[in-house]
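Visitor: structure of the sequence below:
(chains A and B)
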Amino acid sequence: MERKKIELPADVKKVESVGEEAEFPFDISPMYEGERIRKNEMYVELGGTEQPGFELVLALPEEEVEDMKVTIVGPDLEEMEEGKAYPYAMIYYVAGSQVETDLEPVIERRNHDFQNYLEGYMHLNQRYDIWIRLGKGAIKKGLKSLVQIAKATMMLFKNELPFIEKIETLYITEATMVEKLLNEVAMPIYDERDARVEALHDEDVDEFYSCTLCQSFAPTNVCVVSPDRPSLCGAISWFDGRAAARVDPEGPNRAIPKGDLIDEIGGEYTGVDEFAKEESGGEYERIKLHSFFEYPHTSCGCFEVIGFYMPEVDGIGWVHRGYPEPAPNGLPFSTMAGQTGGGKQIIGFLGIGISYFRSKKFIQADGGWYRVVWMPKDLKDRVSKYIPDDVRDKIATEEDAKTIDELKEFLKKVDHPVVTGVVRPVDGKKITEGWVEEEEEVVEEEVVEEAAPAAQVQPVQQFPVPTQQMQFPLQLPQLQLPQQPAAGGGVRLVIKDAKIYVDKIVIKKPEEKKKGGK
Amino acid sequence: MVVIAVTGKGGTGKTVISALLIHFLSRRYNLLAVDADPDSNLPEALGVKPRRTLGEVREVFQVSRDEMGTMNKEQWLEGKIYAEAITEADNFDLLVMGRPEGEGCYCFANSLLRGILRKLMRHYDVIVIDTEAGLEHFSRGTISGADYIIVVTDMSRKGLSTAKRIKELSSELNLNFKRIFLVGNRIMNGMGEDIIKKFSDEEGIELLDLLPYNEDILQLDIKGEPIVLIGENSDYAERVKKIATKLVGDGNGKNEH
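Guide: Okay, here's the model as predicted:
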């Protein structure tokens, strides 16, 4: 949408004032932040639940902005009736050599901070939700006009954000105009901004943000939040990370300079690797943001959804916290979460936030949605619109399959890409071979053996036991293997530098010799 | 700002004492009442009908956060708390913490909450918190600390052992409190008085008062009427008023403590 000044009707009644104010009848300090003006202490309310209101920053060419000018349209404070609520639009025109449209929301957000520095002025919410209360005390101390509020706010904008070279304000308290501008100007701009978020990708920014809020539970976990990868808990987007890092650069959300791109498809950057190494105390050295199998992101314990690889179908299933039943691999969310959490890289499992399903780069290195074979119906319904049309119906839910065998049958029936081999959309490369016929299984196994030179040390893999042998899961806990991991029914296998195609694992009593394969 | 946390075993009457402290102190001070006990009924005792609890607002946040686009989540949450979780009574504001969180990760929501509550709370002269004995909101840091901790106990062994645990817990939690006090409540005989006095001496917790069992309070409680109706000049109310004055002062900036 084109950015231009609001055209005011020629006959509109308005107050204008240009230049800096020498003195204000109120204190200005961050200590007033958070002050709640109670109803019986309030002079008037602006916006809020009873009246329309919005705030908007528009970036304009320098010559169009008249610096430190205020225009008030509609009743000013002195003409307002005590105890009443009025409509309120706050529009700021800003200019500067570095001021671009992209900065509008960043600047706009600060209106909240700066106006809360004003004694006796409470500003809450944002965009079309703003709610302001002016205290009676402020009026007693000499506050007469919104001009004073605007001048103080503009002063703070210029002091705190020096890249703003010129700023001009238009406040409107007249209902029809506020509503008209809200619908015709402000809303389309807010929508435009949100649309830009969808279009913002890892390659468009220079910094990602870390989140270490969970380190009390998972000391080596470092969440890396990028435009294409929200936090595992689902709470923090790249924008939240940026907002938090600006407020507290040394806090739990810190900027991670991206550095150089190492792997475009997997999403690996030198800056992220360095940061991960440092923050995990050397626990791991590489992270690929959009990879499931290779140097996957660590999983804290807070993740909303866990992904699990099922070798029998060479596909990935996802299960969310709220699904209590075992997934087709025989394990419920809680068991898998117990094995995966704690800030480790566990190949074969990946914790994510539900909003990562929206990402255009969703496990793109491993085929994205085309590698996904199963998810609970609840979860699938929630993210359905982000699943590509040509694979949506091919992803099974518990209504289609509850066991591996049922899943196999279903995938075959719908001709899921994993059956014949997955071609990853990002570069058109065929990344899986598809299912091998029964007779060829032995050959496949040998390939695995050969591909295990064990030269490089890879992270330990925790492998869920009930793979093919779904009929025996209850026998497993009786094994009492030494050093068994905490999660029930798990067996620890250490497999080095190998791609795993295990068709069957047979486990017998400890006194007998254990055999792998069939 | 003076923060008073009133705690003790359930059923000892801590909510009655909290309500009366709030009632008296809110006449002279800008006061925030906090109900931090999911099992208590502080709003009823005060005769205030609360709006949403903070826990409910947090749940709304958890389910709406994916749809917030580029909106600032802290500002969103703050707006909801100010508008919906804080109830304005005639003389004070009331914040009900509500139930603890459900499943899922609340690290981010709680981290935002801590910041918002800290900014909110510093603007009140007095904050009275009715809190359960586990001091959960303190251990989680949603409430950052207290100046005075009042442990309410009745004559029961359980009341006293809870009091002892609270004392230990409050030291462990690093609440930075100035003093911890004991108030005996529902004391029906001299033996009860002796037991509590002895406990106070042994544990080194200063005893503020031994409040009697009060039939009027019981009647109000049964009828579900506000405790503050027991009458200004009743002996019980007068004695709680004294406690209030001792902790905060007389309203002219003088603190007798």
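
Visitor: who's in contact with the residue of the stretch 251-400 of chain A found nearest chain B?
Guide: Closest contact between the stretch 251-400 of chain A and chain B, by Cβ to the nearest Cβ, is at residue A:302 (3.1 Å). Yep, even glycine has a C-beta here, placed from its N, CA and C like the rest. If a contact means Cβ atoms under 8 Å, 6 or more residues apart in numbering or on different chains, then residue A:302 has A:214, A:217, A:232, A:233, A:351, B:104, B:105, B:107 as its contacts.

Visitor: ok, residue A:39 next?
Guide: Contacts of residue A:39 (Cβ under 8 Å, 6+ apart): residue B:88.

Visitor: that older thread, sec struct for the residue nearest to the residue of the stretch 251-400 of chain A closest to chain B when sequence neighbours are not counted, please.
Guide: Take residue A:302 and drop its neighbours on the chain: the residue closest to it by Cβ to Cβ, 6 or more residues apart in numbering or on different chains is residue B:105, 3.1 Å away. With DSSP: H, G, I helix; E, B strand; the rest coil as the basis, residue B:105 sits in coil.

Visitor: surely residue B:105 touches residue A:236?
Guide: No: look at residue B:105 against residue A:236 with Cβ atoms under 8 Å: they stay out of range, at 10.1 Å.

Visitor: and the two? Which one has more around it.
Guide: residue A:236 (27 against 24; other Cβ atoms under 10 Å in any protein chain shown).

Visitor: now do the same for that one: its pLDDT.
Guide: Looking at residue A:236, its pLDDT reads 85.

Visitor: confirm it sits in a helix?
Guide: No: applying three-state DSSP, one finds residue A:236 to be coil, outside a helix.

Visitor: ok, it - contacts?
Guide: A:209, A:211, A:223, A:225, A:230, A:244, A:253, B:108.

Visitor: can you check residue A:423 too?
Guide: Residue A:423 neighbours (Cβ under 8 Å, 6+ apart): A:367, A:370, A:417, A:429, A:430, A:431.

Visitor: can we see that at 6 Å?
Guide: By Cβ atoms under 6 Å, 6 or more residues apart in numbering or on different chains, the contact list for residue A:423 reads residue A:430.

Visitor: equivalent analysis for residue B:78, please.
Guide: Taking Cβ under 6 Å, 6+ apart, one finds residue B:116 in contact with residue B:78.

Visitor: same check, this time on the one 10 residues further on
Guide: The neighbours of residue B:88, taking Cβ under 6 Å, 6+ apart as the test, are A:38, A:39.

Visitor: give me the beta-bridge partners of it?
Guide: residue B:93 (DSSP bridges).

Visitor: hmm, back to that, what helix or strand is the residue of the stretch 251-400 of chain A closest to chain B on?
Guide: Secondary structure assignment for residue A:302, by DSSP states H and E: no helix or strand.

Visitor: need phi/psi at residue B:62.
Guide: When read as degrees, to the nearest 10, the backbone of residue B:62 gives phi -60, psi -40.

Visitor: tell me how far it lies from residue B:137.
Guide: From residue B:62 over to residue B:137 the distance is 18 Å, taken as Cβ to Cβ, to the nearest Å.

Visitor: can you measure across stretch B:102-113, start residue to end residue?
Guide: With Cα to Cα, to the nearest Å applied, stretch B:102-113 spans 16 Å between its terminal residues.

Visitor: what distance do you get for residue A:54 to residue A:316?
Guide: 44 Å.

Visitor: then residue A:163?
Guide: Taking Cβ to Cβ, one finds residue A:163 at 45 Å from residue A:316.
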